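Participant: this one's sequence-less:
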């Protein structure tokens, strides 16, 4: 049953990826990207990596695609479509060719059983295993990233607020 689910979710992820490549409208491309991210999250679930699946769905499918859609809606989808369509046909065909070559390589590797199952890692991808590694081995980088995100958030708030008004200088009476 796992193999059937893996094949179905993998095919749907590939359909989403090809939809991103061949879609003419940016909103449709973003929605195909959402399909791809959701299917990758389901693939993580099939592989037993619950934490990675939740992170994939929350961060990528939830936040990144919504951000893309906001940007598309802010600058207008007609503008984005015109920008992407001009002079991009060669890179589009090249990306499709490279994608097919990549899929052929992955198919060969899977067919040749080049990836044996990892022994001794039954809790890979679980929340407990990720937490242990994150808060023991990678504690300092984790805290540095949290400080960097805090500074970026404060900077975004300051920039979004706009120009600060100058203090009023009324003559004293």
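Facilitator: That came in fine, so what should we check first? Just so it is clear, the structure is predicted and the values come from calculations on it, not from any experiment.

Participant: tell me the spacing between the residue most central in space within the chain and residue 24.
Facilitator: Centroid-nearest residue in the chain, with CA atoms, centre = their mean: residue 60, separated by 3.8 Å. Per CB to CB, to the nearest Å, residue 60 is found 23 Å from residue 24. Heads up, the C-betas are built off the backbone N, CA and C, glycines and all.

Participant: correct me, but residue 42 touches residue 53?
Facilitator: Yes - with contact defined as CB atoms under 8 Å, residue 42 counts as touching residue 53 (7.2 Å).

Participant: can you find the helix or strand in the chain with the smallest mean pLDDT?
Facilitator: helix 77-85 (a mean of 54; mean pLDDT, DSSP states H and E).

Participant: helix or strand right after that one?
Facilitator: helix 89-111 (DSSP states H and E).

Participant: what's downstream of that next one, the next helix or strand?
Facilitator: Sequence-wise, the next helix or strand downstream of helix 89-111 (DSSP H and E) is helix 127-136.

Participant: and that following helix, what's buried?
Facilitator: residue 130 (16 or more other CB atoms under 10 Å).

Participant: please state the offset of that helix from the chain centre?
Facilitator: Distance of helix 127-136 from its chain centroid, counting by CA atoms, centre = their mean, to the nearest Å, is 22 Å.

Participant: orientation of the helix or strand where residue 149 lies relative to helix 127-136 in degrees?
Facilitator: In this assignment (DSSP H and E), residue 149 forms part of helix 139-161. Between helix 139-161 and helix 127-136, the angle comes out at 90 degrees (axes from the mean of the first three to the mean of the last three CA atoms, to 10 degrees).

Participant: heads up, I number from 69, so please use that
Facilitator: That works, and once the first residue is 69, the last one we named lands at helix 207-229.

Participant: which residues touch helix 207-229?
Facilitator: Contacts with helix 207-229, where a contact means CB atoms under 8 Å, 6 or more residues apart in numbering, come from 202, 203.

Participant: now it: mean pLDDT?
Facilitator: Per-region confidence: helix 207-229 scores 81 on mean pLDDT.

Participant: check the offset of that helix from the chain's centre.
Facilitator: On CA atoms, centre = their mean, the centre of helix 207-229 falls 20 Å from that of its chain.

Participant: returning to that earlier point: nearest spatial neighbour of the residue nearest to the centre of the chain, skipping sequence neighbours?
Facilitator: residue 105 (4.4 Å; CB to CB, 6 or more residues apart in numbering).

Participant: ok, that neighbour touching residue 123?
Facilitator: No - counting by CB under 8 Å, residue 105 sits too far from residue 123 to count as a contact (11.0 Å).
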